[in-house]
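>>> structure here, sequence nowhere to be found:
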Ligand code: HEC
Ligand code: HEC
Ligand code: HEC
Ligand code: HEC
Ligand code: HEC
Ligand code: HEC
Ligand code: HEC
Ligand code: HEC
Ligand code: HEC
Ligand code: HEC
Ligand code: HEC
């Protein structure tokens, strides 16, 4: 069949000879999508573009939830991102995927340009390392829950299997302290040390006053003594400590 079509459509024969060729095109099934004689749809299509793609790909909707579905995918506007015939980019997208998302998500691009701290995979446009372009069961089409998603590349920050400390705290996942795309504060933080800490640790309990010897509000840097993530030390204390400090001999230096 393709030979027949290509006999006159010589341009197409050349145009569709790309690195990624859509299976029905390479299988010479032009008629899976096009009518040979006449059609009510533009470009001699056998059905609306949306229905056409669904004929073979409707199982993709089994894996998504309403809340986590990209509006273009929900509306079956596959052609906004994909070439129906062939392309030189993975999954036959109309342009490389690291440019594709930025064409509409200008706010993310602007944020990256204007911020001093940029998350490398975001800056490189590798949006699909974290987001499905179509949908998932999670909000924002995330490929995994934030903690698991972040740890899939940052397992190194978990230095202990104990998993004690902030990693497992309720609501205290990575995103309670870090931004996912960009920030103006070092380490992609949502607030600088100590303000990020005292946002949750608001009250000077008797116990806190005792162990710190002063009000939390007077401390200028929490992470000089505390690890932000996990540690096997009690109280999330940093591993390497000054001997008199370890002994709890604060009076050696403080009045
Ligand atoms: C005898 C020559 C010939 C053959 C064989 C042929 N076409 Fe065409 N086709 C044309 C011409 C002429 C046009 C109109 C000019 C153009 O757009 O290139 C056209 C246009 C089209 C269009 C565009 C319609 C539009 O609205 O823009 C499609 C789609 C198409 N053909 C598909 C096919 C398919 C699929 C086959 C194989 C089943 C095929 N053609 C075989 C000559 C041919
Ligand atoms: C999976 C469905 C599908 C298959 C298979 C398919 N086409 Fe198409 N084709 C489309 C769609 C959708 C459009 C409309 C694209 C648009 O409007 O942007 C199109 C448009 C065209 C056009 C009009 C020019 C253009 O690119 O917009 C031609 C010619 C054409 N197809 C030829 C072919 C030929 C020849 C084959 C077989 C080698 C083929 N198509 C196989 C879906 C398909
Ligand atoms: C006649 C059946 C059929 C139709 C209609 C169809 N596809 Fe496909 N498509 C396939 C098959 C078969 C594959 C290869 C197996 C797979 O990955 O599922 C495929 C693969 C793809 C891929 C992945 C390509 C890759 O390189 O990984 C994309 C993207 C795609 N189709 C988009 C579309 C779009 C957009 C439409 C509607 C314009 C469409 N398909 C219509 C059968 C079809
Ligand atoms: C917002 C852009 C966008 C839209 C809309 C979109 N896709 Fe995709 N699609 C992509 C990108 C980007 C990839 C490559 C994913 C990757 O790099 O992991 C992809 C991959 C695919 C694949 C191959 C891998 C897979 O997930 O199975 C298929 C098949 C596919 N798309 C079909 C479709 C169909 C069918 C539609 C319409 C219902 C559609 N896409 C709508 C951007 C899009
Ligand atoms: C053709 C334009 C267009 C392209 C291309 C596009 N998007 Fe979107 N995207 C939208 C629109 C419109 C919305 C809904 C409005 C909004 O939240 O910005 C949206 C929403 C989203 C959302 C959810 C936002 C929310 O608040 O729930 C994510 C995540 C997303 N897109 C990721 C991507 C990724 C990843 C890509 C590249 C694979 C991509 N988009 C490509 C237009 C686009
Ligand atoms: C490292 C993982 C990661 C990468 C890479 C990534 N995102 Fe996100 N994105 C997230 C997470 C997590 C959220 C949801 C929580 C939040 O707001 O930070 C999100 C939220 C979003 C939202 C909805 C909220 C908002 O800010 O508007 C959009 C739209 C979005 N991302 C688009 C993109 C685009 C476009 C790219 C590529 C340029 C991209 N993301 C790359 C992890 C990522
Ligand atoms: C696809 C892999 C990947 C994923 C997923 C990922 N990151 Fe990253 N992240 C990187 C890379 C690459 C860098 C830059 C190199 C480095 O510092 O390790 C980086 C750097 C960072 C930095 C240090 C930034 C700086 O300026 O020093 C933080 C903080 C961070 N990521 C947090 C997160 C959070 C939070 C998530 C989950 C929303 C996440 N990452 C998900 C790959 C990833
Ligand atoms: C309680 C706040 C908080 C939480 C929750 C948190 N971080 Fe951090 N993170 C920080 C602070 C503060 C830094 C600055 C470096 C330091 O002081 O050790 C940092 C630094 C980082 C760095 C860069 C430095 C390094 O050690 O490589 C990465 C990567 C990182 N965090 C990833 C994550 C991931 C992934 C999660 C979730 C599993 C997470 N963070 C949860 C506060 C937090
Ligand atoms: C989103 C809220 C939140 C933020 C932000 C936060 N914490 Fe916490 N922190 C908690 C909760 C809740 C606990 C209780 C422990 C648990 O439930 O796992 C805790 C526990 C602690 C503990 C005691 C751990 C133990 O094992 O006894 C220390 C020390 C601590 N945080 C220091 C910090 C520091 C330093 C920062 C800033 C880098 C910070 N926290 C930021 C919520 C937060
Ligand atoms: C070896 C001497 C020494 C010992 C022992 C010591 N400190 Fe300090 N501490 C200092 C000095 C010097 C500073 C001010 C400079 C600095 O911030 O590093 C300081 C600062 C502090 C601060 C303020 C930090 C800030 O960021 O604002 C607190 C709180 C504190 N010490 C508590 C303690 C507690 C609690 C102990 C006992 C468990 C202790 N110190 C033991 C020397 C010591
Ligand atoms: C000078 C070192 C030092 C600094 C700076 C410091 N802490 Fe601590 N913190 C300690 C010590 C020592 C403990 C007691 C650890 C243990 O033995 O459980 C502690 C314990 C804690 C605890 C757990 C209390 C409990 O119930 O066991 C919290 C929460 C805490 N610190 C929060 C903070 C916050 C928030 C900041 C910054 C505003 C901060 N710390 C700054 C030394 C410090």
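The structure has been received and is ready for your questions. Owing to the predicted nature of the structure, the values given are computational and were not obtained by experimental measurement. Ligands and ions are numbered 1, 2, ... in the order given.
>>> list the residues that contact the residue of the stretch 151-255 of the chain with the smallest separation from ligand 2.
Distance from ligand 2 to each residue of the stretch 151-255 of the chain (C-beta to the nearest ligand atom) is smallest for residue 181, at 31.5 Å. For the C-beta atoms, the positions are set from N, CA and C on the backbone; glycine is no exception. Listed by C-beta atoms under 8 Å, 6 or more residues apart in numbering, the contact set of residue 181 reads 108, 111-112, 118-119, 122.
>>> hmm, stretch 111-124 in reach of ligand 4?
No: judged by C-beta under 6 Å from any ligand atom, stretch 111-124 and ligand 4 are separated, with a smallest distance of 12.6 Å.
>>> what does that stretch contact?
With contacts defined as C-beta under 8 Å, 6+ apart, stretch 111-124 is touched by 98, 108, 129-130, 153, 179-188.
>>> would it count as contacting ligand 6?
Yes: for stretch 111-124, a contact with ligand 6 is found by C-beta under 6 Å from any ligand atom, at 119, 121-122.
>>> again, but for stretch 59-73
No: using C-beta under 6 Å from any ligand atom, stretch 59-73 stays clear of ligand 6, coming no nearer than 9.5 Å.
>>> between the two ends of that stretch, how far is it?
Taking C-alpha to C-alpha, to the nearest Å, the first and last residues of stretch 59-73 lie 13 Å apart.
>>> before we move on, back to that, what about the residues of stretch 111-124 next to ligand 6, which one has the most neighbours?
Counting neighbours by other C-beta atoms under 10 Å, the top entry in these is residue 122, with 21 neighbours.
>>> gap between it and ligand 2?
In this view, residue 122 and ligand 2 are 30 Å apart by C-beta to the nearest ligand atom, to the nearest Å.
>>> go through stretch 219-228 and flag the buried ones.
Neighbour-count burial for stretch 219-228 flags 219, 222, 225-228 (criterion: 16 or more other C-beta atoms under 10 Å).
>>> typed the wrong thing, it's stretch 129-149
130-136, 138, 141-142, 146, 149.
>>> can you show me the strands along this structure?
For the chain, the strands defined by DSSP state E cover 20-21, 86-87, 117-118, 182-183.
>>> which of the ones you listed sits closest to residue 51?
Residue 51 sits nearest to strand 86-87 of all those, at 21.4 Å, using C-beta to C-beta.
>>> who's in contact with residue 180?
With contact set as C-beta under 8 Å, 6+ apart, residue 180 has these partners: 119, 122, 130, 146, 188.
>>> just the pLDDT for it.
If you check residue 180, the pLDDT there is 96.
>>> same for the lowest-mean-pLDDT helix or strand in the chain, what does it pack against?
Lowest by mean pLDDT, DSSP states H and E among the helices and strands of the chain is helix 2-8, with a mean of 85. Applying 3 or more C-beta pairs under 8 Å, 6 or more residues apart in numbering; DSSP states H and E, we find helix 2-8 packed against helix 10-15.
>>> which residues touch the residue nearest the centre of the chain?
Taking C-alpha atoms, centre = their mean as the criterion, residue 130 is the residue nearest the geometric centre of the chain, at 2.7 Å. Residue 130 sits next to 121, 142-143, 149, 180 when contact means C-beta under 8 Å, 6+ apart.
>>> and the least confident of those?
residue 149 (92).
>>> now do the contacts for that residue.
Counted by C-beta under 8 Å, 6+ apart, residue 149 has contacts 130, 142-143.
>>> same thing but at 6 Å, please
residue 130 (C-beta atoms under 6 Å, 6 or more residues apart in numbering).
>>> any idea how far it is from residue 180?
Distance, residue 149 to residue 180, using C-beta to C-beta, to the nearest Å: 9 Å.
>>> over to residue 100?
Note on residue 100: its distance to residue 180, by C-beta to C-beta, is 19 Å.
>>> same thing with residue 30?
Distance of residue 30 to residue 180, given as C-beta to C-beta: 43 Å.
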